[in-house]
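# sequence-free structure coming up:
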């Protein structure tokens, strides 16, 4: 009997010990699970906060780019207004100033067209626009200085001529002085004799039996027509003048039939697409050239630049859809 009682006691103690061990295991499991959940929650919170921070940075960058674009557009508006004022004050140079206004307006149109671009390359794009605007402003300042010099020269010549008429005794020395002054004036006139163009345009044409039809679709384009008006210039010497038309496709490739079709521009050798020699007789005339190619025309923006006598005289941007 005593042996049975001892055996029952040992069995009850063993059951209690097993229950305690089981309860301890559950507690440990729950503790580990809680730690894992806490770590997972912390990692998820970190990802959410990081994504929110990146979104805020992107939004701030876009806002800053918008402000920069608005500032650049205001600069272009100011340039356009200043050229417009010069055109009204100096009508003899109106064609040249209007050509510069078109370059300003074309750059402004490009700036507005790029406003919806991604921020990945917007920093470099803004820098390019800023460089172009700086070049336009430098050109305007150069014109202003030339005009001031011409005005001062005219005033000086006017005063000297009046003095010459009142002091005939000094004719000999005065003639030499006037000859030097007129030589300087001649140099200024040579600058004014540079030919200018207006209304430069590029049009895509589709060949039909009843005649060519204009189109804006790249897949329907068979050839390109480039036209511009060669302005009247009574100062320029009449004779043959070479005009070089440079067409750049949306892949930034110059359309050219030969690698030997090159010209010198600002110390560099660049390719051109078409050369046209014009017999200029100081009167305005329209000039048109055609470009054809075997390859299909790409979609996108085409740049047309016209050069004459080593200078850029026209720029146009048009699009094929």
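Looks like it came in fine. The structure presented is a predicted model; accordingly, all values stated were derived computationally and were not measured.
# show me where the stretch 151-300 of the chain has strands.
197-206, 213-215, 223-230, 239-248, 262-265, 268-271, 274-280, 285-292, 300-308 (DSSP state E, counting those that start in this stretch).
# strands paired with the third one, and their directions?
Looking at strand 223-230 with DSSP bridges, its paired strands and their directions are strand 197-206 (antiparallel), strand 285-292 (antiparallel).
# worst-scoring helix or strand of this protein, pLDDT-wise?
helix 2-89 (a mean of 69; mean pLDDT, DSSP states H and E).
# rewinding a little: tell me which of the strands of the stretch 151-300 of the chain sits nearest to residue 138.
Of all these, strand 262-265 sits nearest to residue 138, with 17.2 Å by Cβ to Cβ. Just so you know, the C-beta spots here come from the backbone N, C-alpha and C atoms, and that holds for glycine as well.
# which elements pack onto that closest one?
Counting contacts by 3 or more Cβ pairs under 8 Å, 6 or more residues apart in numbering; DSSP states H and E, strand 262-265 is packed against strand 268-271.
# quick check on the residue lying closest to residue 192 once chain neighbours are set aside: phi, psi?
The spatially closest residue to residue 192, leaving aside those adjacent along the chain, is residue 235, at 5.3 Å (Cβ to Cβ, 6 or more residues apart in numbering). Here is the backbone geometry of residue 235 (degrees, to the nearest 10): phi -80, psi -30.
# hang on, isn't residue 235 packed against residue 194?
No. Residue 235 is beyond contact range of residue 194, at 9.1 Å (criterion: Cβ atoms under 8 Å).
# compare those two (neighbour count), which wins?
residue 194 (15 against 12; other Cβ atoms under 10 Å).
# ok, that one to residue 139 distance?
The gap separating residue 194 from residue 139 is 13 Å, by Cβ to Cβ, to the nearest Å.
# cool, residue 216 as well?
Distance, residue 216 to residue 139, by Cβ to Cβ: 32 Å.
# can you check residue 101 too?
Residue 101 sits 12 Å away from residue 139, going by Cβ to Cβ.
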